[in-house]
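1. quick one, what's the 3D model for this:
(chains A and B)
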Number of protein chains: 2
Amino acid sequence: MSTLFEEFQNYLNKMNQYDHVITLLYWDMKTCTPKLGQKGHVEALTHFSSEAFAMSTSEKLGEMLAALTEPTEFGQLTDTWQFIVKRMKRDFDRNKRIPSELYKTYVQTQAEAGNVWTEAKEASDFSLFSPYLQKMIELTREIAGYTDPEKEVYDALLDQYEEGMDSATIDMLFEDLKKELIPFVKEILAKQRPENPAFQEYFDPDAQRKVQAMLLDYIGFRKDAGSIGETEHPFTLNFSSRDVRVTNHYYEHAPLSSIFSAIHEGGHGIFEQNINPEYDNTRAGGCCYMGLHESQSRFYENILGRNKNFWLPIYDRLGELLPPFQKISPDDFYREINHVQNSFIRVNADEVTYCFHIILRYEMEKAIFRENIPVHELPALWNRKMQEYLQLTPSNDAEGILQDMHWSDGSFGYFPSYLLGSIYDGMLLDALREELGDVDTLLRNGKIKEITKWLNKKIHWYGSTRKPKEVIAAVCGKEVSAEPLIRYFKEKYSEIYNI
Amino acid sequence: MSTLFEEFQNYLNKMNQYDHVITLLYWDMKTCTPKLGQKGHVEALTHFSSEAFAMSTSEKLGEMLAALTEPTEFGQLTDTWQFIVKRMKRDFDRNKRIPSELYKTYVQTQAEAGNVWTEAKEASDFSLFSPYLQKMIELTREIAGYTDPEKEVYDALLDQYEEGMDSATIDMLFEDLKKELIPFVKEILAKQRPENPAFQEYFDPDAQRKVQAMLLDYIGFRKDAGSIGETEHPFTLNFSSRDVRVTNHYYEHAPLSSIFSAIHEGGHGIFEQNINPEYDNTRAGGCCYMGLHESQSRFYENILGRNKNFWLPIYDRLGELLPPFQKISPDDFYREINHVQNSFIRVNADEVTYCFHIILRYEMEKAIFRENIPVHELPALWNRKMQEYLQLTPSNDAEGILQDMHWSDGSFGYFPSYLLGSIYDGMLLDALREELGDVDTLLRNGKIKEITKWLNKKIHWYGSTRKPKEVIAAVCGKEVSAEPLIRYFKEKYSEIYNI
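-> Numbers count the residues shown, from 1 in each chain, chains lettered A, B, ... in the order given. This is a model prediction of the structure:
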C-alpha cells in the first residue's frame, strides 16, 4: 500500500465518520427527536454537513485524487479501488466546477422552497410556491450547465438519478406503455367492482407492527443487520450493509398501507443489506441508482407482494396477528390488493395506473426544461394531463401539482426512476422464471427466500459498481424494454378482471 | 462581549457538537442499532470521543480558561458564566494533571474490565473478574492521587459523584439508618405475607407501553421535550433541557417493573427538562450530582409512586389499559408495591431493604480503599455482610458480588448516591408538606403536577449550579439528616404491616 493510498484512506475514514453522524442525526430527527429537540439536531447537522462538504471539496482531496489517477499509482489499485477513485474524481471535478456562491444560493433556496411548498400544500395554493419553483428550475439549470456542460439539461438531470439513462430511451419506453395501457385500463375499469368495506375496519396498530416484523422476516430482511422505525412517511436508509433501517406508518383504518410499505421498504433494505460488504462506506457501496433501487422495492411490493401465492403460506399467520383478516378470504384479499382505480394521488395508486402518474410528471419535466413552459402555466398543464391519462381533474392544487415534494427539493429527473424500476421488474420476472422456474409455485411453497437469494446474487451484490443498463444486460441478456411489464399487467389483470 | 469570550463560545460550540453526536451514538446503540451495526457506531464513537477529549484538554482551551479567569475578563462575565468558567477551569486543571499514558491505560482497562465482568457474571465466577477489579482499583487510586492530591482517596471518589459529600457525613447518616432499620425490618418480616400471584399473570407488553406513556404524562414529563426508547436496562439521558430521553423494559409477567421504571426514569427526566434552559450545553446545565439526581427519580418512584393516593385518580385508567389490574383491588395493589422482603438483587429490592444493599456496598468500598482488603477476600466479605443485613447468603457470585457493573466501570463511590437520594427525599417530603400541605390529599385529588411544579422551582431550575448540600439547605433549611426518611418508613410501614 502506497503512502499516498494510506493517507487517502485516512482521509476517507474521517469523511465517513462525518457522513455516519449526518445519517444518524437525520434518522433520529425522523424517528425519535422530540419537537423541541429538533433545533439542537439541526445545529449539529449544519455543523457536520459543512465540515463534510469542506472535506469533499478540499484542495487536499483534489490533489490526492489527481495523484491516485496517475498511471503508476492507479495501476497499483485493486479493481474496486480503481472504480471508487474514478467515481470520486468525477464527482469532485463536477462539483468543483460549481461556483461556491451558486451552490450556497442553491442550498438556501432549496431549504426555503421546501418550507414554502409545505405551506402552499397546506393552503392548496400553487401561487405561493410558484416563485420558488421558478428559482429552483433556474438554479438547477444553471448548475447542470457547470456539472454537465456537454449534455442537454434534462438528460443531465436524468443521468444523475439513473446513470446511463436518457430521454430518448425513456420516451420510447413510456410511449410503449401509453399505447398499451391506456386502452387496457379502460377495459379494466369497465369491469370495475366497488372497494371492499372490510378493509376499512379497525386494525390495531400494535398488531400491524407485528405484521410488519413478520413480513420483513418472511421476505428475508435480516434483523441482525437492520432495524425498524416509525415516521410520517416510510423510507429506508443505511449506514452500511450491516446497518440498514426501514420505517413505516400505521393507519388504524387502512391496514394495506403499512403492509405494502413494509414489503416495499423491505425490498430497498434487502438490496442494501446484500451489497458486497467490502464496498461499505465507499462510492462502490450502497446503490446510487434510483431506478435500480426502486426496481427492487417494487419487485417485492408488486411482483411478489401482490401475487396471491405470496400470501397463501402466511395468510393464517396474518389472521392470527390481525384478526379482522380472518373474516376476509384469500380471494377477496387478492382482489383488494389489486384493485385498479384512477386516482389523484401517486403514492396511493395501484401498480397499473401508477404508470400514468409517472408519465405525467416526466412529460411535465420535459415541458419545463425543454419547452420552457412558464411556471404559472404548469397547473393547467398538469390538470390537462390528468384528464388525458386518468380522466380526473383535481379539485385543488394539493391533490394536483402540489402533492409531491420532489420539485421543491430540486429533484427534477427523479420521477422516471419509479417507473423505470417497474419496467426492469417485468424483465427481471422473465429472467427469474427462466432460471428458477414458475414463480407462483415458488411463492405458494413459501420459497420466497430462494427468490431473494437470486436477487442478492444477480443484482444486490454489485452495489453501485454496475450501472442499471449493465445490470439488465447481465441478468436479462437484453436491452431495456417495456414489453415484459406490459405482458405481466395484461396477463395478471385479464385474469383478475375476467377480460 | 470580549473577543476572547467570543472565541471561547465558538470553541465551546464545537465541543458541544461533538458531545451531541457522542450522546446520540450512545442512545442509538442502546435503542436502535442492529447487532452488526454496533461496530460502525463504535468506530464513530471512538473517533468523536478522541476529538472531544483532545479539545477538552488542549493547550488552547487551557489558555482561554486562564485568560478568562483573570480579574478584568472574569469581572465582565455574568454570574452564570463565572460559574461555568470556574467549573471548566477546575475540571481542566484536574484532568491536565493525569499523565496521558495513565489515562489511556485506564480507558483501555475499563473497556476490558467491562467485557470480562459480563463474562464473569454469566459464568458466575468472581475469579475471572478478580484481576481486572484489582487493576481498576489500582488505577482509580492512582488517578485520584493526581486529580485530588489533597484528599483521602475514597473521599475524593465520593466527591466526584456527590460534590461536597464526604465519608464522615455518610458514616453518620448510614449508622442512623442501620440502628433504626435493622430492628424495624425484623418487625415487618415477622408480619410478612406471601406475594400476590395475580401480579405474575400475563401483562401485554404493548399495553405496558401505553401505561408508560400515560404515567409519564400524568407526572409531568413533557412529550414535546422528551421521548421514550426500549433497552435492556432503563436509563435517562439528555441532549439539553429540550431533548430528554427515557427508556424502559417490559416483562410479560412482571408489570410492576416497567411501571416503576417509568416513574423512576420519569423523575430523572422531569429534573432535566426543567433546568433553566440558559444553562443548556454548559457546565451549569444538566445535573451532575448523582445523589441529587437520584433523589428526584426516587421521590417520584417511592415517595409518590408507592403512595396509595398516587394511584386512586388513575387506577381505573390503569385497568382499562391493562385489564388484569381490573381483578386487583387498589388495596391489594398498594400492598404489593410495598411488599418488603430480604432479597439478593439490589435493583429488585423494595424501598426499605434497598438501604441495606447500599450500605453493604459502601462498606465494601471503604474496606477496599481504606483497609486495602485483598481482592480475593471480597466475595467472602460481601457474603458476611449480606448475612448480617439481609439474612441471606448468595448461592453464587452472579447473585452476589458480581451483580452490579459499577466497579467494572471504575465507578467506585457511586453507590452511596442512591441512598443519599432517599435520605434527601425524606427531608424534601417534610418541606413539601410544610409548603403545599398534605401530600396524600394532593395526590388523591390528582394534583401531582403541583408537586412537580414545586420540585421544578425549588430544585430542578438550578441544574448544576447548586451543590446537593446547598439545595437541601435552601429547600429544607437544615443539615442533611436520615431522621425524616426513617420516620417516613416507620409511619408508612407500621400502618401497612399493622405494627
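2. roughly how far does the residue nearest to the spatial centre of chain A sit from residue A:286?
-> Centroid-nearest residue in chain A: residue A:294, 4.4 Å away (criterion: Cα atoms, centre = their mean). The span separating residue A:294 from residue A:286 equals 14 Å under the rule Cβ to Cβ, to the nearest Å. Just so you know, the C-beta spots here come from the backbone N, C-alpha and C atoms, and that holds for glycine as well.
3. same deal with residue A:79?
-> Using Cβ to Cβ, one gets 18 Å for the distance from residue A:79 to residue A:286.
4. go on, residue A:186?
-> With Cβ to Cβ as the criterion, residue A:186 and residue A:286 are 41 Å apart.
5. more crowded one of the two?
-> Neighbour comparison, residue A:186 and residue A:286: the larger count goes to residue A:286, with 22 against 10 (by other Cβ atoms under 10 Å in any protein chain shown).
6. quick one: that one and residue A:272 touch, right?
-> Yes - if you go by Cβ atoms under 8 Å, residue A:286 and residue A:272 touch, sitting 6.5 Å apart.
7. quick check: residues of chain A near chain B?
-> Within chain A, the positions near chain B by Cβ under 8 Å from any Cβ of the partner chain are A:14, A:17, A:20-21, A:24-25, A:27-28, A:31-37, A:39-41, A:43-44, A:47-48, A:206, A:223-227, A:229, A:239-240, A:242-245.
8. could you tell me which residues touch both of residue A:286 and residue A:272?
-> Residues touching both residue A:286 and residue A:272 (Cβ atoms under 8 Å, 6 or more residues apart in numbering or on different chains) are residue A:238.
9. would you map the strands across chain A?
-> Secondary structure of chain A (DSSP state E): strands located at A:226-230, A:236-240, A:243-248.
10. partner strands of the last one, with direction?
-> It refers to strand A:243-248. In the sheet containing strand A:243-248, its partner strands are strand A:226-230 (parallel), strand A:236-240 (antiparallel), by DSSP bridges.
11. and the contacts of the first one?
-> Going back to what we said before, that points to strand A:226-230. With contacts defined as Cβ under 8 Å, 6+ apart, strand A:226-230 is touched by A:27, A:30-32, A:212-213, A:216, A:243-250, A:269, A:273, B:32-34, B:37.
12. go on, the last one?
-> Counting by Cβ under 8 Å, 6+ apart, strand A:236-240 makes contact with A:20, A:23-24, A:26-27, A:244-247, A:265, A:268-269, A:272, A:277, A:280-281, A:285-286, A:297, B:37, B:40-41, all of which sit outside it.
13. buried set for stretch A:347-356?
-> The neighbour-count check on stretch A:347-356 (16 or more other Cβ atoms under 10 Å in any protein chain shown) flags A:349, A:350, A:351, A:352, A:353, A:354, A:355, A:356 as buried.
14. mean pLDDT added to the strands paired with strand A:243-248, as TSV?
-> Below are the strands paired with strand A:243-248 laid out as TSV (pLDDT from 0 to 100):
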stretch	mean pLDDT
strand A:226-230	97
strand A:236-240	97
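15. and among those, the most buried is which?
-> Highest mean neighbour count among the strands paired with strand A:243-248 (mean count of other Cβ atoms under 10 Å in any protein chain shown): strand A:236-240, with a mean of 23.
16. CA-only coordinates of that one in PDB, if you can.
-> Taking C-alpha atoms only, strand A:236-240 is exported to PDB below (Å, rounded to 0.1, in the frame of the first residue of the first chain):
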ATOM      1  CA  THR A 236     -35.100   3.300   4.000                       C
ATOM      2  CA  LEU A 237     -31.700   4.400   4.900                       C
ATOM      3  CA  ASN A 238     -28.400   2.700   5.600                       C
ATOM      4  CA  PHE A 239     -25.100   3.300   7.400                       C
ATOM      5  CA  SER A 240     -23.500   0.300   5.700                       C
END
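17. that older thread, PyMOL command to pick out the buried ones of the residues of chain A next to chain B?
-> Typed into PyMOL, the next command selects the buried ones out of these (criterion: 16+ other Cβ under 10 Å):
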select buried, chain A and resi 17+20+21+24+25+27+28+31+32+33+34+36+37+40+41+43+44+47+48+225+226+227+229+239+240+242+243+244+245
